[in-house]
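In: need a structure here:
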Amino acid sequence: MTALIILGLILLVILGTSDILGTEDIGTGQTYTTIQEWEDDIPADITADQIYTGQCLGEALARVDFIGHTTDATHYYQLISKDGAEHDGRAHDVSAAGNARIEYAGASSVILISDEYTRIAWMEVSGPGNNTSKSIIDTGIAACTLYIHHNILHNDHANNAPDQEAIRCGDVDPVWLLYRNIVYGTGGRGLYLYRGAENSAVLCNTVYECNFSEYGTTGGIGTSDTDFLIENNACFDNPVADIKGTAGTLDYNATSDTTGDDEGANGIADLVTADQFVNPTTTWANTDLLPKVGHGMTPGDTFSTATYPEIDESIDNRGVSITGAWDIGAGQYVGGAPPSTVIPVFMRSHRQHWS
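Out: Residues are numbered from 1 along each chain as shown. Got it, this is the predicted structure:
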């Protein structure tokens, strides 16, 4: 036994611990009761350390700043929901399922990202309430990749300022990978693709009832950077335009308007919103933007999971891989469901995290 222990210690010295996944639960009764406590406790430089994973319990948590850490492509931190606390494509106010969520109604952005390689997935983000801040914003980040996917981001028309956005791809140029997010109820754009590096991609998102301000130069998705690939997004009932701008490569997008600048060569315009989703309503306690039987948001393109981890998992069918042509938008209708329903499959046991 002693020899085995010594051998194990020798192997640790030889191999190091840089690839060990450090995982902590965040919430009531845990070592870290807030996301900020967990973030503050991560060492300043983790480039020779490990991957840090914060798993949020199924409760409401406070806002967070991701700042002050040196990371790289293989040593970073990620914020996700704990197994069993994932949303099913609906906000907690709709499902009452106890989603892992951040709720905030204040003058700061709900999630501020100043650290490179940050990853956020399977979270609900509600806010910032009646304020002009963003739900997620980056500051001072360049030369890295940010993964933001499978989240619900909503502000429920609490503010009508044109610069109150769900995600603002901001002032410098990281690679943004935004996919399978459901976004609704922002004052300005749902997704503002202002700046990003080559290979940035906005794929399979659903953007609904954003641009509450009805500001003339904004839309559900606003794009002004040519480095973005913008495909398979469902943009509906966003005043002025569902997609505003022609910068980037646009294709396979679906919209409810005929005034959007460019759905793409294989895009579909002028769809009836009520025919696409289970319950598209601004009675926010009932909003359900999962695909409806017989919707017209097909076909869509397909993407590599090596480049976009977990993109083949629908936001409402966790653990079920999508094959063939994918539906446009964050959700995926699976054939065989009774009329006016979606498949109620949510396989938490197959949840996988990045590694």
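In: from here on, just use CA atoms for contacts and neighbour counts.
Out: OK.
In: mind telling me what element residue 290 is part of?
Out: Using DSSP states H and E, residue 290 sits within strand 288-291.
In: what's that strand packed up against?
Out: Packed against strand 288-291, as judged by 3 or more C-alpha pairs under 8 Å, 6 or more residues apart in numbering; DSSP states H and E, are the following elements: strand 277-279.
In: re earlier: need the residues that contact the strand holding residue 290.
Out: 89-90, 94, 182, 206, 276-281, 316, 330-333, 342 (C-alpha atoms under 8 Å, 6 or more residues apart in numbering).
In: convert the C-alpha atoms of it to PDB, please.
Out: Output of strand 288-291 as PDB, limited to C-alpha atoms (Å, rounded to 0.1, in the frame of the first residue of the first chain):
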ATOM      1  CA  ASP A 288     -42.700  29.700 -24.100                       C
ATOM      2  CA  LEU A 289     -40.400  30.000 -27.200                       C
ATOM      3  CA  LEU A 290     -39.900  26.300 -27.800                       C
ATOM      4  CA  PRO A 291     -40.700  25.100 -31.400                       C
END
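In: just how off-centre is it within its chain?
Out: 16 Å (C-alpha atoms, centre = their mean, to the nearest Å).
In: partners of that strand, with directions?
Out: Using DSSP bridges, the strands paired with strand 288-291 are strand 277-279 (antiparallel).
In: give me the buried positions along the strand it pairs with.
Out: If you call a residue buried by 16 or more other C-alpha atoms under 10 Å, then strand 277-279 has these buried ones: 277-279.
In: list the buried residues in stretch 55-74.
Out: So stretch 55-74, judged by 16+ other C-alpha under 10 Å, has buried residues 55-72, 74.
In: now, which of the residues you listed lie within helices?
Out: Among these, no residue falls in helices (DSSP state H).
In: ok, now which ones touch the residue most central in space within the chain?
Out: Central residue of the chain (C-alpha atoms, centre = their mean): residue 149, 3.1 Å from the mean position. Residue 149 is in contact with 120-122, 177-181, counting by C-alpha under 8 Å, 6+ apart.
In: again, only using 6 Å
Out: Applying C-alpha atoms under 6 Å, 6 or more residues apart in numbering, we find residue 149 in contact with 121, 178-181.
In: highest neighbour count among the residues you listed?
Out: Neighbour counts for these, by other C-alpha atoms under 10 Å, peak at residue 180, which reaches 32 neighbours.
In: name the nearest residue to that residue, sequence neighbours excluded.
Out: Using C-alpha to C-alpha, 6 or more residues apart in numbering and skipping residues adjacent in sequence, the residue nearest residue 180 is residue 330, 4.1 Å away.
In: do the same with residue 66
Out: For residue 66, the spatially nearest residue (C-alpha to C-alpha, 6+ apart) is residue 113, at 4.8 Å.
In: again with residue 252
Out: residue 267 (4.3 Å).
In: rewinding a little: isn't the residue nearest to residue 180 up against residue 203?
Out: No - judged on C-alpha atoms under 6 Å, residue 330 makes no contact with residue 203 at a distance of 8.4 Å.
In: so, low pLDDT: which residues of the chain?
Out: Applying pLDDT under 70 to the chain flags residues 1-21, 260-261, 334-355.
In: residue 55: what's it in contact with?
Out: 25-26, 80-82.
In: quick one: which of those has the most company?
Out: Going by other C-alpha under 10 Å, residue 26 tops the contacts of residue 55 with 28 neighbours.
In: how close does residue 197 get to residue 151?
Out: Noted for residue 197: a distance of 22 Å to residue 151, by C-alpha to C-alpha, to the nearest Å.
In: between those two, who's got more neighbours?
Out: Applying other C-alpha under 10 Å to residue 197 and residue 151 shows that residue 151 carries more neighbours, namely 29 against 19.
In: ok, back up a step: torsion angles phi and psi at the residue nearest to the centre of the chain?
Out: phi -150, psi 160 (degrees, to the nearest 10).
In: surely residue 192 is within a strand?
Out: Yes - counting by DSSP: H, G, I helix; E, B strand; the rest coil, residue 192 is part of a strand.
In: pull the number of nearby residues for it.
Out: 24.
In: let's see which of the buried residues of stretch 55-74 end up in strands.
Out: 55-56, 60-61, 64-66 (DSSP state E).
In: ok, so of the residues you listed, who is nearest residue 157?
Out: Looking at these and their distance to residue 157, the nearest is residue 60, at 19.7 Å (C-alpha to C-alpha).
In: just grab the bridge partners of the closest one for me.
Out: With DSSP bridges as the rule, residue 60 is bridged to residue 101.
In: would you confirm that it contacts residue 101?
Out: Yes - in this structure, residue 60 is within contact of residue 101 by C-alpha under 6 Å, at 5.1 Å.
In: how far off centre is stretch 283-291?
Out: 17 Å.
In: go through that stretch and flag the buried ones.
Out: 284, 286-291.
In: could those residues be laid out in JSON lines, adding distance to residue 34?
Out: Listed next are these as JSON lines, based on distance: C-alpha to C-alpha, whole Å:
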{"residue": "284", "distance to residue 34": "26"}
{"residue": "286", "distance to residue 34": "28"}
{"residue": "287", "distance to residue 34": "28"}
{"residue": "288", "distance to residue 34": "28"}
{"residue": "289", "distance to residue 34": "29"}
{"residue": "290", "distance to residue 34": "30"}
{"residue": "291", "distance to residue 34": "34"}
